[in-house]
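[1] fold the following.
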Amino acid sequence: MHKKKEYIVSSFYKFVYVPKPETVKILLSRRLIKYDIKGTFIIGNEGINGSFSIEKANIINVCKIIENLIATTIQFKHQPNNNHSFLRLKIKLKEEIVTLGQKNINPQKNSGRYLDPQSWEKLIKNQDAIIIDTRNKYESNVGSFKSSVETKTKNFRDFPVWIMENKQKLKNKKIGIFCTGGIRCEKASNYLINLGYKNVYQLEGGIINYLKKTKNKNKMWEGECFVFDERVTINDRLEKGSYTQCFACRSPLKSNEKKSKFFEAGISCPKCFTETTTKQKKRYKERQKQILMAKQKGIKHLGS
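    Okay, the predicted model is just below:
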């Protein structure tokens, strides 16, 4: 009997000056080619950001390759899984490794004070604090910290707009911010500090690190955590959660939503059925057909 392969899903980021992102991309692609690795890497002058899955036996080697290319240490957040969590490997070059769209943002210069899980829970209970979920609406809908304020943004670029519209809520408050893995908080806290806010705190390592360290023992986290891979969500034990995803609008779906007359795999769901045109649905249907055909042949379809 063959021993079942064990996989690791890993996420990481590092804000560090990268003088030649194009060179790093080429070298990373060459050095990863011998590994069965899938995921997304984003490289830019401001650093590197990535999430990937790989066989457990190769995780140490791959982490060393990444660190050596950037010439710095990186904190990787590992989660065990039964198989790959991504369809293919993508290495991209971008101006921002996470897009806030604001000028003069430099997390290397300053960012919020990092809080470990125990200190974070104390901040949540502090009456003089406001806890802000920097993630998007569809992520917050799946789960969040107790008493947190949801920004209900469509994307991270909307975060500064929300801050401008809610200045009164932040007045004389200790501001605690959190996100999935920590990267959005690096930029969000730097943005807040640039605006003049003094007491800015961020959850170190994000939700994933918090759940890994605490197992949600004190039940401060409610629901599941959205992740940007094929697991869709994870529970407080970092196991694959109960949600699936609409591959037309990318929204996480509960099992009862898949029973809706508006749900058709890869084409529509109750959340997007009225938002897309007949022409779009026809295109999604053709894409879904191609994806299914590719899977039957054991090929990874580029649109999936």
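
[2] for the chain, longest helix please?
    helix 278-296 (DSSP state H).

[3] contacts for stretch 17-24, please.
    Ile43, Gly44, Asn45, Glu46, Gly47, Ile48, Leu69, Ile70, Leu93, Gln108 (CB atoms under 8 Å, 6 or more residues apart in numbering). No exception for glycine: its C-beta is placed from N, CA and C like everyone else's.

[4] out of these, who's nearest Met164?
    Nearest to Met164, judged by CB to CB, of the contacts of stretch 17-24 is Glu46 at 23.5 Å.

[5] leaving out the residues flanking it, which one is nearest to Tyr210?
    Pro117 (5.0 Å; CB to CB, 6 or more residues apart in numbering).

[6] and the one you found, what is it in contact with?
    Leu203, Asn209, Tyr210, Lys213, Thr214.

[7] tell me the pLDDT of the nearest residue to Asn106 once chain neighbours are set aside.
    Nearest residue to Asn106, sequence neighbours excluded (CB to CB, 6+ apart): Asn190, at 6.4 Å. On pLDDT, Asn190 comes in at 98.

[8] isn't Asn190 up against Ser111?
    Yes. At 5.1 Å, Asn190 counts as touching Ser111 under the criterion of CB atoms under 8 Å.

[9] run a quick neighbour tally on Tyr210.
    Number of residues near Tyr210 (other CB atoms under 10 Å) recorded here: 24.

[10] now do the helix or strand encompassing it: which elements does it pack against?
    Take DSSP states H and E as the rule and Tyr210 turns out to sit in helix 206-214. Helices and strands touching helix 206-214, by 3 or more CB pairs under 8 Å, 6 or more residues apart in numbering; DSSP states H and E, are strand 77-81, helix 117-125, strand 174-178, strand 221-223, strand 225-226.

[11] quick one: closest of these to Asn166.
    Nearest of those (CB to CB): strand 174-178, 11.0 Å.

[12] how about the residue lying closest to Gly143 once chain neighbours are set aside, what does it touch?
    Closest residue to Gly143 apart from its sequence neighbours, by CB to CB, 6+ apart: Gly223 at 2.5 Å. Neighbour list for Gly223: Val142, Gly143, Ser144 [criterion: CB under 8 Å, 6+ apart].

[13] domains of the protein?
    Structurally, the chain divides into domains by automatic domain parsing as follows: 7-93, 113-225, 252-296.

[14] got the contact list for stretch 230-248?
    Residues from elsewhere that reach stretch 230-248, judged by CB under 8 Å, 6+ apart: 9, 79-81, 84-87, 142-143, 208, 211-212, 215-216, 221, 224-227, 251-255, 258, 263, 265-269, 271-272, 276, 280-281, 284, 288, 304.

[15] and if we set it to 7 Å?
    79, 85-86, 142, 211-212, 215-216, 221, 224-227, 252-255, 258, 266-269, 271-272, 276, 284 (CB atoms under 7 Å, 6 or more residues apart in numbering).

[16] and if you look at stretch 122-135?
    115, 140, 144-151, 159, 169-170, 173-180, 184-185, 188, 201, 220.

[17] now, of those residues, which are buried?
    Neighbour counting over these (16 or more other CB atoms under 10 Å) leaves 115, 140, 144-145, 148-151, 159, 170, 173-180, 184-185, 188, 201, 220 as the buried ones.

[18] can you give me the helices in this protein?
    With DSSP H as the criterion, the chain has helices at 21-32, 59-70, 117-125, 137-140, 159-165, 167-170, 183-194, 206-214, 278-296.

[19] of those helices, flag the one that's most buried.
    With neighbours taken as mean count of other CB atoms under 10 Å, the helices of the chain reach their highest mean count in helix 183-194, at a mean of 23.

[20] and it, what does it pack onto?
    For helix 183-194, the packing partners by 3 or more CB pairs under 7 Å, 6 or more residues apart in numbering; DSSP states H and E come out as strand 174-178, strand 200-203.

[21] what is the mean pLDDT for the last one?
    Okay, so that is strand 200-203. Per-residue scores along strand 200-203 average to 98.

[22] now that strand - C-alpha only, PDB.
    The C-alpha trace of strand 200-203 is given here as PDB (Å, rounded to 0.1, in the frame of the first residue of the first chain):
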ATOM      1  CA  VAL A 200      -2.300  51.700  16.200                       C
ATOM      2  CA  TYR A 201      -2.000  47.900  16.900                       C
ATOM      3  CA  GLN A 202      -2.000  44.900  14.600                       C
ATOM      4  CA  LEU A 203      -2.500  41.200  15.100                       C
END
